[in-house]
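In: here is my input, please return the structure:
(one chain, ligands or ions: 1)
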Amino acid sequence: MSIPKNRPPLSRGAKGHYFDPLPAVPSKPRTVFLHAGEVDLELQADRGVFGSRGVDLGTLQLIKEAPKPPTQGDILDLGAGYGPIAIALARQAPEARIWAVDVNERALELTRANAGAAKTPNVTASLPDEVPADVRFAAIYSNPPVRVGKAPLHELLLRWLPRLDEGARAYLVVQRNLGSDSLAAWLATQGYNVKRLRSKKGYRILEIRSQS
Ligand SMILES: C[S@@+](CC[C@H](N)C(=O)[O-])C[C@H]1O[C@@H](n2cnc3c(N)ncnc32)[C@H](O)[C@@H]1O
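Out: Residues are numbered from 1 along each chain as shown. Predicted coordinates:
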């Protein structure tokens, strides 16, 4: 299977999608745990938000296997959900500013609460349009919303990747059977230098170098 062409392949009916701005499904918070190397976090997840039953395996792979974040500057977690990647980055780089961006308001509320509980004040949870236009990123990390469909995913990446600082890198984790290789090939057609860093447990980590 590859990345769906436009909208997601599944009809979720009244349940909606994890990328809905205001999830229709009633809230039912749940505590989930993230153990990855030195990062050990207890986080609140919820229905209507990606990974509500536990930290996603791809997310874990990204935190464990991608290179550590730069110690300074602005770093983007694109599609932050309830914040596992953003908060792990904030722990690893306490002097950097981590932008946790999502369209799902419930996810952003959870990220704020989780960052508060984890004592990581360097996380800013924002809607995409709330990130000031002049901010450039020293790195981008993302478990991207592949299920939005191919065209919206491409649009999303073309919105944020050009905001990498010169020489900076983005790290994306994508399930191999959800089209990681075709995404890498498409990024190359857009002029990006893409390396397939790791492939473990069905997930691939792509490293994308900024265009200079
Ligand atoms: C695969 S989930 C990853 C969530 C979280 N980073 C994690 O690892 O658990 C992708 C996230 O992207 C968000 N998303 C979807 N469309 C988006 C957009 N246009 N801009 C920013 N985030 C978006 C979804 O709401 C979802 O939370």
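
In: show me what contacts the residue most central in space within the chain?
Out: To find the centre residue of the chain, average its C-alpha atoms and take the closest one (C-alpha atoms, centre = their mean): that gives Ser142, at 3.0 Å. Taking C-beta atoms under 8 Å, 6 or more residues apart in numbering as the definition of contact, the neighbours of Ser142 are Leu76, Asp77, Leu78, Gly79, Ile85, Ala170, Tyr171, Leu172, Val173. (Glycine included, C-beta is placed from N, CA and C.)

In: would you list those residues in JSON lines and tack on secondary structure?
Out: Below are the contacts of Ser142 laid out as JSON lines (DSSP: H, G, I helix; E, B strand; the rest coil):
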{"residue": "Leu76", "secondary structure": "strand"}
{"residue": "Asp77", "secondary structure": "strand"}
{"residue": "Leu78", "secondary structure": "strand"}
{"residue": "Gly79", "secondary structure": "coil"}
{"residue": "Ile85", "secondary structure": "helix"}
{"residue": "Ala170", "secondary structure": "strand"}
{"residue": "Tyr171", "secondary structure": "strand"}
{"residue": "Leu172", "secondary structure": "strand"}
{"residue": "Val173", "secondary structure": "strand"}
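
In: ok, so of the residues you listed, who is nearest Gly191?
Out: For Gly191, the nearest member of these is Ala170. The distance, counting by C-beta to C-beta, is 13.7 Å.

In: that closest one: neighbour count?
Out: Using other C-beta atoms under 10 Å, Ala170 has 26 other residues around it.

In: let the chain start at 2 from now.
Out: Happy to do that; since the first residue is 2 now, the last one works out to Ala171.

In: okay but Glu66 is in contact with Arg197, surely?
Out: No. Contact between Glu66 and Arg197 fails when scored by C-beta atoms under 8 Å: they sit 11.9 Å apart.
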